[in-house]
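Student: Here is my input, please return the structure:
(3 chains)
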Amino acid sequence: MKKIIFAALAASSALIATSASAQVVSGDVTITGSVAPKCLVVTGGVPASANFAGTIALGELSQANGTLRTDVESTFDTAANGLAFQVVCTSGRPTVTVDANAIAAQNVATAPAGYARLVHYTANVTFDETPSGSELVSNDSLTNAAATSLQLANRLASGATNIHIDGANFRTPTAGNTDILVADVSYEGHILITISPTA
Amino acid sequence: MRAYLTIAALALPLIAGAAHAQTVTGTVSIDGSVANRCALSINSQTISLGEMSLAATGKLDTSKVDGQNRTLVGFCNGSAAAMRVEAQPLLNITSPGAPPSGFDNRVDYTATANANSVNATDSSVVAGAGTAATVGQFSGNILVTLSASSSPTSGLLVAGTYQGQVLVTLNPVP
Amino acid sequence: MKARIALAALVIAAPAGMASAQGPLEGRVAVDGSVAGRCVLGPPSQSAVPLGTLTNTSGPRTGRLATIAAQAINFPGSYCNFAGTRISVSANAMVAADATAPQPGFARAVNFTSTVSNWAAANAVVTTAASAGGATPAAQGPGGTHPAPKLADLTLTLNNFAVPSDLLLVSGGYAGAVTITLGPATP
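Tutor: I've put the predicted structure just below:
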């Protein structure tokens, strides 16, 4: 007598419940899957990567009398508006951090008395949330040495730019913005933003 | 009777074209520049010497010229900033022609500009500016002093009105 | 004073009153002075000219004016530091101290010529013309105008001594005077 063996291979955990019945048979199939908590960059500047990046070019920082320009904030905000960052997190209530680093002259190590090689500022990063509303995370390059951290109240909004940046309180170290900025072709600072899923 | 069901599990696709990671980090770079610049908030002064000849001899009274000084005010923001001085002689504008034997109608002197503890000098005897000195980053006074006054033959000074000037040039990027 | 304000895309206007530039920038200290017009006569080589005895004491001209050599007085280092100056000379004839009118045949005045040379092209010259009685002893004469500042040694020459009508001279002391003036031709 010949025997025929059927081997059934299940690619996922599939449960088959059977019941012996002459009249009607029915089966329930339960499908499960999972989504790991992740944050994803949808639009992340150029080039697209695991991280996002952008540049705000302020141009000439000094005015005619050598001190910091009084309109540097409006230049910063106008350029920051052009950055279109969209991050999506699969988990609700991601944790965000913002760390602002001073804008510093790259080729001048020390500034003489009456002069400055640093421009401090406050970075204000607004995260848009769903279904509505947004939360602001601020970090000052001088008074906040460490990053500012916040767990958002809701998910990040989807479908459009959901991270907005503006700057405030641009200043040189001496009160009153009286320092003369040392000449340097390259002043550079950074705002570091991290978005982590909270499981 | 046996029934067999085969179920293929499909992996749900994530949003097309996106990179994904546990934590996303964004870096916004801010860049700017500060151009080399110099400025003068007080850029003009006048030294009035009055009567320049000695009553006893009719010749130049050097004490009327030597030591006279005025202060300009300005700044430069770059370490390479240079300063140079041009002293132009006092010339008799009332009687400008060549003076007779025994007379001079020109007074020469040395001008020194001092800023940031750096001196730049020039003598009016030779036309043109003196050697530039590196003054670097400074903000404040530029002291201009006259010294070593003389007349070409140490002769009698021709009567009249005499005029000259000291030009101080700040060059942010020489 | 020259100033340039460099224009860049984001530079704001320079505040009023400050000159600022990214290129060379010039500040200026003007210097002015003056020299007043002045004339100085150098110290005279002699301020008094003693002629001694004026008359011959023997021979055919006894009692009449002797031959008197020309007298020269120098004023070294005289100068004017401006143009358009001249020397003027005024002289008073030598007249006897005794004012009594002389007897006929006698005179109480000695005339002479004063010349100041080495200033302008035309010397200052004056010859006194006192009468025998000593009237009109004063005389004046301007020299030419010099068109430039000048430094020179001036010489005053006294000569041509003469008595009106060559009369006999009354006895006693005689005195005359010469004044030199150096100054602008048009005061």
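Student: Tell me the spacing between B:Pro174 and B:Gln88.
Tutor: Distance, B:Pro174 to B:Gln88, by C-beta to C-beta, to the nearest Å: 22 Å. All C-beta atoms are positioned from the backbone trio N, CA, C, and that covers glycine.
Student: the more surrounded of these two?
Tutor: Between B:Pro174 and B:Gln88, B:Gln88 has the larger neighbour count (other C-beta atoms under 10 Å in any protein chain shown), namely 21 against 14.
Student: Tell me which helix or strand that one sits in.
Tutor: B:Gln88 belongs to strand B:82-92 when elements are defined using DSSP states H and E.
Student: again, but for B:Ala56
Tutor: If you go by DSSP H and E, B:Ala56 is not part of any helix or strand.
Student: Just read off the phi/psi values of it.
Tutor: When quoted as degrees, to the nearest 10, the phi and psi of B:Ala56 stand at phi -70, psi -40.
Student: next one: A:Val72
Tutor: Here A:Val72 shows phi and psi, under degrees, to the nearest 10, equal to phi -70, psi -30.
Student: Tell me, what's the model's pLDDT at it?
Tutor: A:Val72 carries a pLDDT score of 95 in this model.
Student: again, but for A:Gly54
Tutor: 89.
Student: how about it, what does it touch?
Tutor: Residues touching A:Gly54, when contacts are defined by C-beta atoms under 8 Å, 6 or more residues apart in numbering or on different chains, comprise A:45, A:83, A:85, B:26, B:28-29.
Student: and the nearest residue to B:Pro172 once chain neighbours are set aside, how many neighbours?
Tutor: Taking C-beta to C-beta, 6 or more residues apart in numbering or on different chains as the measure, B:Pro172 lies nearest to B:Asn36, with 3.8 Å between them; neighbours along the chain are not counted. Residues within reach of B:Asn36, counting by other C-beta under 10 Å, total 20.
Student: Identify the residues contacting A:Glu135.
Tutor: For A:Glu135, the contacting residues are A:126-127, A:129, A:150, A:152-153, by C-beta under 8 Å, 6+ apart.
Student: Break down the chain into its strands, ranges please.
Tutor: I went with chain A, as the question did not name one. A:39-44, A:52-60, A:85-89, A:95-105, A:115-116, A:118-130, A:134-140, A:148-151, A:155-156, A:163-171, A:180-181, A:184-196 (DSSP state E).
Student: please go with chain C instead
Tutor: Here chain C has its strands, by DSSP E, at C:19-21, C:25-35, C:39-40, C:71-80, C:85-96, C:106-107, C:109-117, C:124-127, C:138-146, C:150-162, C:168-169, C:174-184.
Student: got the buried residues for the longest one?
Tutor: If you call a residue buried by 16 or more other C-beta atoms under 10 Å in any protein chain shown, then strand C:150-162 has these buried ones: C:150-152, C:154-158, C:161-162.
Student: quick check, distance from the helix or strand containing B:Thr25 to the centre of its chain.
Tutor: Assigned by DSSP H and E, B:Thr25 falls within strand B:24-34. Remark: strand B:24-34 is offset 34 Å from the chain centroid, using C-alpha atoms, centre = their mean, to the nearest Å.
Student: Get me the contact residues on chain C for chain B.
Tutor: Where proximity means C-beta under 8 Å from any C-beta of the partner chain, the interface of chain C facing chain B comprises C:1, C:3, C:6, C:8, C:14, C:17-38, C:40, C:79, C:81-83, C:148-151.
Student: Can you flag the buried ones in those?
Tutor: Applying a neighbour-count criterion of 16+ other C-beta under 10 Å, the buried members of the residues of chain C next to chain B are C:3, C:14, C:18-35, C:37, C:40, C:79, C:81-83, C:148-151.
Student: Packing partners of the worst-scoring helix or strand of chain C on mean pLDDT?
Tutor: Within chain C, confidence by mean pLDDT, DSSP states H and E is lowest for strand C:19-21 among all helices and strands, at a mean of 80. Judged by 3 or more C-beta pairs under 8 Å, 6 or more residues apart in numbering or on different chains; DSSP states H and E, the packing partners of strand C:19-21 are strand B:38-42.
Student: Can you check what angle separates the very next helix or strand once past the strand it packs on from strand C:25-35?
Tutor: Where DSSP H and E defines the elements, the next helix or strand beyond strand B:38-42 is strand B:44-51. Strand B:44-51 runs at 10 degrees relative to strand C:25-35, counting by axes from the mean of the first three to the mean of the last three C-alpha atoms, to 10 degrees.
Student: If anything else comes up later, I'll come back, but that's it for now.
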